[in-house]
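Student: next one to model:
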Amino acid sequence: MQPDVSFVPDVSFVIAAYNAEATLDRAIASAIAQKGVSVEVVVVDDKSRDATLDVARAYPQDIVRVVALAQNKGPGGARNAGLEAARGRWVAVLDSDDAVYPGRIATMIARAERAGAQIAVDNLQVVREDGVIEDAMFPTRYLEELGEISLASYIAGNVVFESKFNLGYLKPIFERRFLEENRLRYDEDLIIGEDYIFLANALAMGGRCVVEPDIGYAYHIRSGSISRVLEPHHVEAMRKADAIFAQSHQMDAAAQAAFARRSRSLRKAASFLSMVQHIKARSPLKAIRTALSDPAAVRHMGMPIAVRLRRVAAQFAVGAGR
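Tutor: Numbers count the residues shown, from 1 in each chain. Model (predicted):
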């Protein structure tokens, strides 16, 4: 059955999928199972090399709309294609290897609309690859006390090495009208950190973000070597995106202070990753030169490299297969 183009659902789930044949069904099924809201699912196949496209197209067109990209565009480009196709009043980005719980969207929309907010976030359930459910990503009391996320608090929650709770893991929903009025789209030059800069832009453009402390999103941990995913050029791309952000928006004193801390932390992260790269390449002189140019980064060599790499990567919400 062809979808009714005049129908405006409560929410559009945008699922950017690349080589996700093993997990896409779970993501789609969880989106379809939302209670108390009308749903459309938009799956964007980012030129996968496996059967991802076949999995998506197995669903009726009035349930799952499929966008097949002619070339791989990365996470930002794929999500932008999904935003262009979305018709819902609200938009929820769902990673192709994650899932959402049935009452999530109704709860978040209700909270946002009561507050007159354009953005809402909630807590996440961490699920290991073997299916074991771990603790919630954030303590409930912390989110209850947070209540609403400002630009300053969001930037402060994305400071490498310093943030107690990494707000970069949050999975917001957005009022689509707000996104369209502000022409908000993902930075297609970023492979890692595109979620952070997207929400930061939304907050800087006046979006209000309320916090639902209950768990609504299941975050599935993937196996694999994070150290092979996060590289110095990824951090440099984030620094460039941050520089553009600073030129594009006015920030109050609190946001400016948080931004300065984040900028210093990204510089240290880049230096640390560069040192690790030189050490692995058995180039001690280059590692020493990097250490001398940024002594602050040397402090992070005090623990095993693999442990520190995991901690650095976690600050960017990096996971294997993302």
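Student: in the stretch 1-150 of the chain, where is pLDDT below threshold?
Tutor: 1-4 (pLDDT under 70).
Student: quick one, strands of it?
Tutor: Per DSSP state E, counting those that start in this stretch, the stretch 1-150 of the chain carries strands over the ranges 11-17, 39-45, 64-68, 90-93, 99-100, 119-127, 133-136, 148-149.
Student: need the ones you listed in CSV with mean neighbour count and distance to Asp187, can you?
Tutor: Yep, even glycine has a C-beta here, placed from its N, CA and C like the rest. Output for the strands of the stretch 1-150 of the chain, formatted as CSV (neighbours: other CB atoms under 10 Å; distance: least, CB to CB, whole Å):
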stretch, mean neighbour count, distance to Asp187
strand 11-17, 26, 14
strand 39-45, 25, 16
strand 64-68, 19, 19
strand 90-93, 24, 14
strand 99-100, 21, 24
strand 119-127, 22, 18
strand 133-136, 12, 29
strand 148-149, 19, 20
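Student: could I have stretch 116-124 exported to PDB, CA atoms only?
Tutor: What follows is stretch 116-124, C-alpha atoms only, in PDB (Å, rounded to 0.1, in the frame of the first residue of the first chain):
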ATOM      1  CA  GLY A 116       6.200  24.900  25.300                       C
ATOM      2  CA  ALA A 117       9.600  23.300  24.400                       C
ATOM      3  CA  GLN A 118      10.800  22.300  21.000                       C
ATOM      4  CA  ILE A 119      13.200  19.600  22.100                       C
ATOM      5  CA  ALA A 120      13.000  16.700  24.600                       C
ATOM      6  CA  VAL A 121      15.500  14.200  25.900                       C
ATOM      7  CA  ASP A 122      15.200  11.200  28.200                       C
ATOM      8  CA  ASN A 123      17.200   8.600  30.000                       C
ATOM      9  CA  LEU A 124      18.900   5.600  28.300                       C
END
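Student: contacts for that stretch next, please.
Tutor: 104, 107-109, 111-112, 136-138, 140, 143, 148-149, 169-175, 178, 199, 202-203, 207-219 (CB atoms under 8 Å, 6 or more residues apart in numbering).
Student: just the ones of those in helices?
Tutor: Among the contacts of stretch 116-124, the members found in helices (DSSP state H) are 104, 107-109, 111-112, 140, 143, 178, 199, 202-203.
Student: pick out the most distant pair among those.
Tutor: Thr140 and Phe178 (27.3 Å; CB to CB).
Student: these two: who's more crowded?
Tutor: Phe178 (19 against 12; other CB atoms under 10 Å).
Student: show me what contacts the more buried one?
Tutor: By CB under 8 Å, 6+ apart, the contact list for Phe178 reads 118-119, 184, 202, 207.
Student: just for the stretch 151-300 of the chain, where's the confidence low?
Tutor: When residues are selected by pLDDT under 70, those of the stretch 151-300 of the chain lie in 161, 163, 223-229, 274-300.
Student: quick one: the helices in it?
Tutor: 151-156, 176-181, 194-204, 232-248, 253-280, 284-293 (DSSP state H, counting those that start in this stretch).
Student: just so I know, which of those lies nearest Thr23?
Tutor: Ranking the helices of the stretch 151-300 of the chain by proximity to Thr23 (CB to CB) places helix 194-204 first, at 18.4 Å.
Student: still on that earlier bit, how about the helices of the stretch 151-300 of the chain in TSV, adding distance to Ala17?
Tutor: Formatted as TSV, the helices of the stretch 151-300 of the chain follow (distance: least, CB to CB, whole Å):
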stretch	distance to Ala17
helix 151-156	27
helix 176-181	21
helix 194-204	16
helix 232-248	21
helix 253-280	28
helix 284-293	37
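Student: helices or strands up against the longest strand seen in the chain?
Tutor: If you go by DSSP state E, the chain has its longest strand at strand 209-220. Where contact means 3 or more CB pairs under 8 Å, 6 or more residues apart in numbering; DSSP states H and E, strand 209-220 is packed against strand 99-100, helix 104-115, strand 119-127, helix 140-146, strand 148-149, helix 194-204.
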